[in-house]
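Peer 1: make a model of this:
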Amino acid sequence: MDIMNETITQEKDTFRSLRICIFGAGSIAEAIVRGVLAKQLTEPEQFSMINRSNNERLQELKRKYGVTIELTSKGKQELLHEADVIVLCMKPKDAAAALHELKPLLRPGTLIISVIAGLSLHAIQHILGPIAAVRTMPNTSSTIGLGATAICCSQSVDDTQRAIAMIIFEAIGIAVEVEEQHMNIVTGLSGSGPAYLYYVMEAMMQAGVEGGLTQEIAHDLTVQTVLGAAEMVRRMQEEPAELRRKVTSPGGTTQAALDVMNSHYMSKTIISAVHRAAERSQEMEHQIGREIE
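Peer 2: Numbering: from 1, shown residues only. Modelled structure (predicted):
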């Protein structure tokens with residue numbers, strides 16, 4: 001245990017010294033800065049942020065977090081060249097141009113981390129060469145520190161760089177490492193997953209209102225029900241199926257509701273939806289790959 005704690009301490013000390021440049025200024029980019037700084041893993045001056053446009057957004061992030069920003073082309077290039085870690089947070093359509101811009105600026109040993117949906121490690125290395133690259137798939141809950149992120153690493157990533165990626169994404173939720181071949185199903189499951197739950201919550205609220213509740217009461221009861229159910233699965237460490245069985249009395253109200261869901265093949269529908277999202281992720285990956293190559 002002492003050796004493990006010493007290793008963790010060394011990794012955090014290494015992380016604190018890194019210069020991290022975030023290329024893009026959207027919600028995930030902000031979530032990373034917020035999460036890392038909130039956990040006091042580094043100082044604001046270790047972060048720099050750049051964007052292709054929208055200088056007002058960069059100014060806002062500088063005011064909120066004290067990060068370094070650059071608005072000139074030369075200044076942006078200097079930040080990218082000086083960075084130990086570069087996090088790619090731009091939109092997929094801008095990825096190819098950004099990678100070509102980045103290529104002549106990289107120093108040996110720079111770690112590239114991508115949060116861009118559909119951007120494969122092969123596509124990154126097709127432009128940048130056999131660099132240390134980490135592909136990730138966070139979800140929108142990262143913006144409140146409850147994200148679920150999967151990461152996969154290129155062969156050039158060493159243990160220290162792998163630990164750096166894990167530190168960043170564990171600052172905004174949980175992070176797990178998977179093989180790249182599984183990134184598309186991760187996208188279908190947890191990447192798009194919050195939207196599926198919002199969809200169910202919408203329907204539950206509508207049912208409550210149709211049954212005579214006010215919108216506010218239907219909203220509050222639904223939110224707390226979903227929150228409590230998720231916490232039960234996490235805290236009780238039991239499978240959802242087992243918890244479902246425990247609250248489903250034969251001939252009771254819950255069983256009546258589940259019978260309706262089963263008659264509409266709800267389980268199969270959800271499974272099909274996750275797989276279709278994964279297929280679409282793969283389609284996007286192939287499209288981005290063709291554009292880059």
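
Peer 1: what separation do you get for the residue nearest to Ile50 when sequence neighbours are not counted and Val157?
Peer 2: Once flanking residues are discounted, Ile50 sits nearest to Lys76: 4.5 Å by CB to CB, 6 or more residues apart in numbering. Every residue, glycine included, has its C-beta placed from N, CA and C. From Lys76 across to Val157, the span is 25 Å (CB to CB, to the nearest Å).

Peer 1: also His100?
Peer 2: From His100 across to Val157, the span is 22 Å (CB to CB).

Peer 1: neighbour count for those two, which is higher?
Peer 2: Val157 (21 against 12; other CB atoms under 10 Å).

Peer 1: now the more buried one: which helix or strand?
Peer 2: Per DSSP states H and E, Val157 falls between elements, in no helix or strand.

Peer 1: my read: it touches Pro130, true?
Peer 2: No. With contact defined as CB atoms under 8 Å, Val157 and Pro130 do not form a contacting pair (10.9 Å).

Peer 1: where in the stretch 1-150 of the chain is pLDDT low?
Peer 2: Along the stretch 1-150 of the chain, segments meeting pLDDT under 70 span 1-8.

Peer 1: show me where it has strands.
Peer 2: For the stretch 1-150 of the chain, the strands defined by DSSP state E, counting those that start in this stretch occupy 20-23, 47-50, 68-69, 85-88, 111-114, 132-137, 147-153.

Peer 1: can those go into CSV with extra columns for distance to Gly208?
Peer 2: Output for these, formatted as CSV (distance: least, CB to CB, whole Å):
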stretch, distance to Gly208
strand 20-23, 41
strand 47-50, 42
strand 68-69, 45
strand 85-88, 41
strand 111-114, 41
strand 132-137, 33
strand 147-153, 28
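
Peer 1: turn the ones you listed into TSV, including distance to Ala96 and mean neighbour count.
Peer 2: Formatted as TSV, the strands of the stretch 1-150 of the chain follow (distance: least, CB to CB, whole Å; neighbours: other CB atoms under 10 Å):
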stretch	distance to Ala96	mean neighbour count
strand 20-23	13	26
strand 47-50	17	25
strand 68-69	24	18
strand 85-88	11	24
strand 111-114	12	25
strand 132-137	15	26
strand 147-153	20	23
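
Peer 1: so the residue of the chain most remote from its centre: helix, strand or coil?
Peer 2: Distance from the C-alpha centroid of the chain peaks at Gly251, with 41.4 Å (CA atoms, centre = their mean). Following DSSP: H, G, I helix; E, B strand; the rest coil, the label given to Gly251 is coil.

Peer 1: give me phi/psi at Glu177?
Peer 2: Main-chain torsions, Glu177, degrees, to the nearest 10: phi -100, psi 130.

Peer 1: for it, give its distance to Asp159.
Peer 2: According to CB to CB, Glu177 stands 12 Å off from Asp159.

Peer 1: same deal with Ser73?
Peer 2: For Ser73, the distance to Asp159 (CB to CB) stands at 36 Å.

Peer 1: what of Asp84?
Peer 2: 16 Å.

Peer 1: all helices in the stretch 101-250 of the chain, in order from the N-terminus.
Peer 2: 121-128, 159-170, 183-186, 193-210, 215-236, 240-246 (DSSP state H, counting those that start in this stretch).

Peer 1: mind giving me the packing neighbours of the longest one?
Peer 2: Applying 3 or more CB pairs under 8 Å, 6 or more residues apart in numbering; DSSP states H and E, one finds that helix 215-236 contacts helix 193-210, helix 240-246.

Peer 1: from these, which stretch is densest packed?
Peer 2: Here the criterion is mean neighbour count by mean count of other CB atoms under 10 Å, and of those the winner is helix 193-210, at a mean of 14.

Peer 1: convert the C-alpha atoms of that helix to PDB, please.
Peer 2: Extracted C-alpha coordinates of helix 193-210, given in PDB (Å, rounded to 0.1, in the frame of the first residue of the first chain):
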ATOM      1  CA  GLY A 193     -26.500   7.800 -22.600                       C
ATOM      2  CA  PRO A 194     -27.500  10.900 -20.700                       C
ATOM      3  CA  ALA A 195     -29.900  11.800 -23.500                       C
ATOM      4  CA  TYR A 196     -31.700   8.400 -23.200                       C
ATOM      5  CA  LEU A 197     -32.300   9.100 -19.500                       C
ATOM      6  CA  TYR A 198     -33.500  12.600 -20.200                       C
ATOM      7  CA  TYR A 199     -36.000  11.100 -22.700                       C
ATOM      8  CA  VAL A 200     -37.400   8.700 -20.100                       C
ATOM      9  CA  MET A 201     -37.600  11.500 -17.600                       C
ATOM     10  CA  GLU A 202     -39.500  13.700 -20.000                       C
ATOM     11  CA  ALA A 203     -42.100  10.900 -20.400                       C
ATOM     12  CA  MET A 204     -42.300  10.300 -16.700                       C
ATOM     13  CA  MET A 205     -43.000  14.000 -16.100                       C
ATOM     14  CA  GLN A 206     -45.600  14.100 -18.800                       C
ATOM     15  CA  ALA A 207     -47.400  11.100 -17.300                       C
ATOM     16  CA  GLY A 208     -47.400  12.900 -13.900                       C
ATOM     17  CA  VAL A 209     -48.900  16.100 -15.400                       C
ATOM     18  CA  GLU A 210     -51.500  14.100 -17.300                       C
END
